[in-house]
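J.: sequence and predicted model, in that order:
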Amino acid sequence: VGAIVMPFGVSRLITDFLRWPGFDAPAESAWDAWAGFYTSLTRPEIREVFKAWCDAHPPGQKFAHRACDRPAKSSPSMKWVNPPVAYMLHAGAALLQRLDVRLPGMRPNGRADRVALEAYPGFMARQWLQAKSYKHDDARMQSAARDEQRRHLIDRLSQLADGLTVHVHPDIAQAMQADGKGDALDAVLCILQAVLGWMRDPVAFDQPPGADPLEGWIVNVPWRDSGWSVDTMESGAAAALRKRIYAAVSEPMRQRLALLGACVTGHAETQGADSIQDPSKGSACQPAD
């Protein structure tokens, strides 16, 4: 079982909205169809499409969020800077496919002895530190205050609830304390997230039964009574905005997307206030009039 610090998908709204492969696929094969498409794009191509998306939306609504992003307070997985999680997903999804891993709630047909979970150590750290920072990639920003917060987190590991006791070898504790980037400490927090998920459900690792197979869920982020919701858009508004976004990218980019299986030339629209988030409402791509 591997708990990996990277998003495993993007908002369903993006895939349905832009009619990317996987949007109308059966749940058990949707992620593979989508991941094969997404990882075939280059990073500049991903940025071009996502920038067109953001430019077409007003301030405060530029990014599409997954259902798990809000309760976890994680960055939307379409961000290409600060942090570049869209690129992390681009690199990691290809490896997950190559290793034929099982992704609970997303890719059920992978190898039973290779389970990958999306982890976010910042979620667990935030519960103990509130808004205080414990790491920084820039050595110039690695302060005594952040050193102290790492020490607090290491001490907190021995005071866990849920019947867990964590014994940290002194050498590992020293490595976590000395690592100003926080990678060593984050690795241990990822292990804890995986263990807590397994304790609650040793098969599904406590993934919500209603989680979208294209979005996934961050392990150990609460979903019961959390009020989590998905981003949606009325189909008529979606059609107009989709046309605007595809008009904003270059012609070579549109041709490239179409070659990889995206529907960029128009399609039969659903009528009324149906949500394009619902894959059962998807329709086949048809030539534009």
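T.: Received the coordinates, thanks.

J.: count the neighbours of the closest residue to Thr165 other than its chain neighbours for me.
T.: In this structure, Thr165 finds its nearest non-sequential neighbour in Ser158, 7.5 Å apart by C-beta to C-beta, 6 or more residues apart in numbering. In short, each C-beta sits where N, CA and C put it, glycine included. Number of residues near Ser158 (other C-beta atoms under 10 Å) recorded here: 12.

J.: please tell me how far Tyr87 sits from Ala237.
T.: Applying C-beta to C-beta, to the nearest Å, one obtains 29 Å for the distance of Tyr87 from Ala237.

J.: how far away is Cys54 from Ala27?
T.: Going from Cys54 to Ala27 by C-beta to C-beta gives 29 Å.

J.: gap between the two ends of stretch 224-243?
T.: Stretch 224-243 stretches 37 Å from its first residue to its last (C-alpha to C-alpha, to the nearest Å).

J.: now swap in stretch 218-231 and tell me
T.: End-to-end span of stretch 218-231 (C-alpha to C-alpha): 17 Å.

J.: which residues are contacting the strand ranked longest in the chain?
T.: Counting residues, the longest strand in the chain under DSSP state E turns out to be strand 111-118. Strand 111-118 has contacts (C-beta atoms under 8 Å, 6 or more residues apart in numbering) with 1-4, 6-8, 96, 99-104, 193-194, 197, 205, 216-219.

J.: just the buried members of those?
T.: In the contacts of strand 111-118, burial by neighbour count holds for 1, 3-4, 6-8, 96, 101-104, 193-194, 197, 205, 216-219, counting by 16 or more other C-beta atoms under 10 Å.

J.: just the ones in strands from the residues you listed, please.
T.: Using DSSP E, the subset of these located in strands is 3-4, 101-102.

J.: so where's the protein shaky on pLDDT?
T.: Along the chain, the parts satisfying pLDDT under 70 run over 161, 266-289.

J.: with adjacent residues omitted, what lies nearest to Leu241?
T.: Closest to Leu241 by C-beta to C-beta, 6+ apart is Ala56, at 5.8 Å.

J.: ok, the one you found touching Ile245?
T.: Yes - with contact defined as C-beta atoms under 8 Å, Ala56 reaches Ile245; the gap is 5.1 Å.

J.: more neighbours, the two?
T.: Ranked by neighbour count (other C-beta under 10 Å), Ala56 and Ile245 place Ile245 first, with 20 against 16.

J.: can you work out which other helices and strands pack against the one helix or strand that one maps to?
T.: Using DSSP states H and E, the element containing Ile245 is helix 235-248. If you count contacts as 3 or more C-beta pairs under 8 Å, 6 or more residues apart in numbering; DSSP states H and E, helix 235-248 packs onto helix 12-18, helix 43-55.

J.: chain center to it, what's the gap?
T.: Here the centre of helix 235-248 is set off from its chain's centre by 24 Å, with C-alpha atoms, centre = their mean, to the nearest Å.

J.: following it in sequence, what is the next regular element?
T.: According to DSSP H and E, the helix or strand after helix 235-248 is helix 251-259.

J.: ok, residues contacting that following helix?
T.: Under the contact criterion C-beta under 8 Å, 6+ apart, helix 251-259 has outside partners 41, 45, 48-49, 246, 249, 264-265.

J.: what's near enough to touch the residue nearest to Leu241?
T.: Ala56 makes contact with 241, 244-245, 248 under the criterion C-beta under 8 Å, 6+ apart.

J.: mind giving me the PyMOL select for those, buried ones only?
T.: Selecting only the buried entries of these in PyMOL, with 16+ other C-beta under 10 Å as the criterion:
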select buried, resi 245
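
J.: Asn109: which of the contacts of Ala56 is nearest?
T.: Ile245 (32.5 Å; C-beta to C-beta).

J.: with adjacent residues omitted, what lies nearest to that closest one?
T.: Using C-beta to C-beta, 6+ apart, the closest residue to Ile245 is Ala52 (4.7 Å).
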